[in-house]
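In: Predicted model, plus sequence, below.
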Amino acid sequence: MKNRWLVVIGAIIIQISLGAVYIWSVFQAPLLTYFPAWTESQVTLPAQIILACFALAVIIAGRIQDKVGPRPVAIAGGLMLAAGLMLASLTSHLPPDKALSWLIVTYSVIGGLGIGTAYVCPIATCVKWFPDKRGLITGLAVAGFGAGAFFFAPLAKGLIGGDYYQLFGKNLFPLPAAGLFNTFLIFGIIFLITVVGGAFLLKNPEPGYRPPGWNPPAEVTIAGQSKVNYSPAQMFRTWQFWLLWVVFLIGCGSGLMIIMKASPIWQSLALSNLKDGAGNISLESIASAGALAVSILAIFNSLGRIIWGKISDMAGRRPAMLAMFFMEGLCLLLLPQMQSFSSFLTGISIIGLSFGGLLAVLPAITADFFGLKHYGANYGWMFSAYGAGGLLGPYLAASLMKTSAIVKVREFRSGQEGLIKTLVVGDYHQAFIIAGVLCLLAAAAMLILKQPEAKESQPASL
């Protein structure tokens, strides 16, 4: 391949599509309306499981793509994701007690495994093509994943209700009313085209590749591989791996708690100052603001991956991570006081910026600390912290949520007075406090982090 930036283009196309995993909060309210017997914890379960399956697939696909290359693995991931979403569209044909299980198996398990299978390929490929810009390029490679929700959250909302496609609150063009479950089908078709198409731009460089004009630092051999080449088994025996795994679990769990539930969190904050029967409020405007919050969060999630990736190249991985954990923790502690929409957007934007930065530094520091020879497998194991965080963060928010008020809202459409709807206002204060304190502890842990000693890998079964 003459132009290595074509790999980046393919990576971004794939990652924008896979990043739609972050729009679950847009589906949450419509699902609760369609299945009123479902609880907050139940409707959160698909979001938790898809993230866990996502991380599990990264471990498996990382090993496979190390052996067969990125293209066939990414294609397989795109096919699995499309199949999962298309099958999820059939959920409406099942009774409520079976619908949740079906949605989890199709959307969460099949779709999540597809996302993880495709996700690892662009990152591992870009790292090999850009040894000279490792932090920046891994940031770009995963930036699309963070930006996916920016494009697909308003698309999902518009298709579900037959509304306009909105960006920054502006109506751009009308969308047909596809309904909740046909939206899953439409997304499946879109991702089938984009993920499989982007996969054809992925290709590993020749062994020993180095960019023109780039001279590797002293600790890198002529083959372009770092002398720090740990196998997975050797990596597990270092305290650095376990420290990084735990702090990434904390950072990812805290960030995903906000990302996966941004819309319902804002809806609860928006309703929290109302008393029963008091005031006029538009449920549509609250829902639109929730979708906008998801999109804004996606922008900063994406920008954080690029900005912090570059900062980590210049200032070092450890100082960058210390700053990110500190910012994320502080904003989580202050979030319950951010009652206005503008202050709420500010808080979640900083959280998204920090969370995105962690996911840019994660692949770079895995390569720095443990080498490139077994990079796909090592990164997969390190990324399992993301999956554990995906289970822990949304669960923490749902399980610790307390009902703080019952708000009755009367809807008016086209001048016609509608029925009174009773809405539950959730208090997520405890979850924010716990996550914020843990992030500050993770920031403190960065003070003792140091790179492991150089080691050539040995054959290992892991």
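Out: Arrived safely, thanks for sending. Residues are numbered from 1 along each chain as shown.
In: C-alpha only now, for contacts and for neighbours.
Out: Will do.
In: all helices of the stretch 151-300 of the chain, in order?
Out: 180-199, 232-236, 239-259, 262-271, 283-315 (DSSP state H, counting those that start in this stretch).
In: So which elements touch the first one?
Out: Yep, that's helix 180-199 we're talking about. For helix 180-199, the helices and strands in contact under the criterion 3 or more CA pairs under 8 Å, 6 or more residues apart in numbering; DSSP states H and E are helix 5-18, helix 24-34, helix 70-88, helix 134-161.
In: Mind doing that once more with 6 Å?
Out: Under the contact criterion of 3 or more CA pairs under 6 Å, 6 or more residues apart in numbering; DSSP states H and E, the helices and strands touching helix 180-199 comprise helix 5-18, helix 70-88.
In: among those helices, which gets the worst mean confidence?
Out: Within the helices and strands packed on helix 180-199, the stretch with the lowest mean pLDDT is helix 5-18, showing a mean of 91.
In: picking that back up, please identify which of the helices and strands packed on helix 180-199 is closest to L185.
Out: Closest to L185 of the helices and strands packed on helix 180-199, according to CA to CA: helix 70-88, at 4.5 Å.
In: residues of whichever helix or strand comes after the closest one that come out buried?
Out: Stepping forward along the backbone from helix 70-88, the first helix or strand reached (DSSP states H and E) is helix 96-103. For helix 96-103, a neighbour-count test (16 or more other CA atoms under 10 Å) marks P96, A99, L100, W102, L103 as buried.
In: Which positions in stretch 65-81 come out as buried?
Out: Residues 65-66, 69-81 are the ones in stretch 65-81 that count as buried (16+ other CA under 10 Å).
In: And those residues, which two are furthest apart?
Out: Of all pairs drawn from those, the one with the largest separation by CA to CA is D66 and L81; the distance is 21.2 Å.
In: residues in contact with S254?
Out: With contacts taken as CA atoms under 6 Å, 6 or more residues apart in numbering, S254 has the following neighbours: G393, A435.
In: If I look at it, what pLDDT would I see?
Out: We have a pLDDT of 91 for S254.
In: where's it relative to Q430, distance?
Out: As for S254, its distance to Q430 is 12 Å (criterion: CA to CA, to the nearest Å).
In: Distance of A82 relative to Y428?
Out: Taking CA to CA, one finds A82 at 34 Å from Y428.
In: Looking at these two, which has the bigger crowd around it?
Out: More neighbours sit around A82 than around the other of A82 and Y428, counting by other CA atoms under 10 Å; the figures are 28 against 22.
In: Hmm, that one is touching T194, no?
Out: No. Using CA atoms under 6 Å, A82 is not in contact with T194, being 10.2 Å away.
In: Buried residues of stretch 173-182, list them for me.
Out: Burial within stretch 173-182, assessed by neighbour count using 16+ other CA under 10 Å, is assigned to L175, A177, A178, G179, L180, F181, N182.
In: Tabulate those residues (TSV), appending pLDDT.
Out: Formatted as TSV, these follow (pLDDT from 0 to 100):
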residue	pLDDT
L175	92
A177	90
A178	92
G179	91
L180	91
F181	93
N182	95
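In: Make CSV from the residues you listed and add distance to F344 to it.
Out: Conversion of those to CSV gives the following (distance: CA to CA, whole Å):
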residue, distance to F344
L175, 28
A177, 30
A178, 31
G179, 29
L180, 27
F181, 30
N182, 31
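In: Next, count neighbours for Q337.
Out: Burial of Q337, expressed as a neighbour count using other CA under 10 Å, amounts to 13.
In: Sketch out the low-pLDDT regions of the stretch 251-400 of the chain for me.
Out: In the prediction, the stretch 251-400 of the chain carries residues with pLDDT under 70 at positions 271-284, 287.
In: returning to what we had before: so which of the buried residues of stretch 173-182 would you say is closest to Y379?
Out: The shortest separation between Y379 and any of the buried residues of stretch 173-182 is 34.4 Å, and it belongs to F181 (by CA to CA).
In: Pull the contacting residues for G78.
Out: For G78, the contacting residues are L192, V195, V196, taking CA under 6 Å, 6+ apart as the criterion.
In: at 10 Å instead, please
Out: Under the criterion of CA atoms under 10 Å, 6 or more residues apart in numbering, the contact partners of G78 comprise 14, 17-18, 72, 84, 111, 113-119, 188, 191-199.
In: do the same with F187
Out: Shown in contact with F187 (CA under 10 Å, 6+ apart): S17, A20, L81, A82, L85, M86, S89, F152, L155, A156.
In: The closest residue to the last one other than its chain neighbours and I193: what is the separation?
Out: Excluding the flanking residues, the one nearest A156 by CA to CA, 6 or more residues apart in numbering is T183, at 6.5 Å. Using CA to CA, T183 is found at 16 Å from I193.
In: So if I had to pick from these two, which one is more boxed in?
Out: Regarding T183 and I193, a neighbour count based on other CA under 10 Å identifies T183 as having more, with 22 against 15.
In: Check what pLDDT the more buried one gets.
Out: In this model, T183 is scored at 95, pLDDT.
In: mind listing what it touches?
Out: Going by CA under 10 Å, 6+ apart, the list of residues near T183 reads F27, L85, M86, A88, S89, L155, A156, K157, G158, L159, I160, A177.
In: could you dump those to CSV with distance to P232?
Out: Rendered in CSV, the data for the contacts of T183 read as follows (distance: CA to CA, whole Å):
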residue, distance to P232
F27, 38
L85, 33
M86, 36
A88, 35
S89, 39
L155, 40
A156, 39
K157, 42
G158, 45
L159, 44
I160, 44
A177, 49
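In: and these, which are buried?
Out: Using 16+ other CA under 10 Å, the buried members of the contacts of T183 are F27, L85, M86, A88, S89, L155, A156, K157, G158, L159, I160, A177.
In: Closest one to P452 out of these, please.
Out: Comparing the buried ones among the contacts of T183 against P452 with CA to CA places L85 closest, at 42.0 Å.
In: isn't that closest one right next to W102, touching?
Out: No. Under the contact definition of CA atoms under 10 Å, L85 does not touch W102, with a separation of 11.3 Å.
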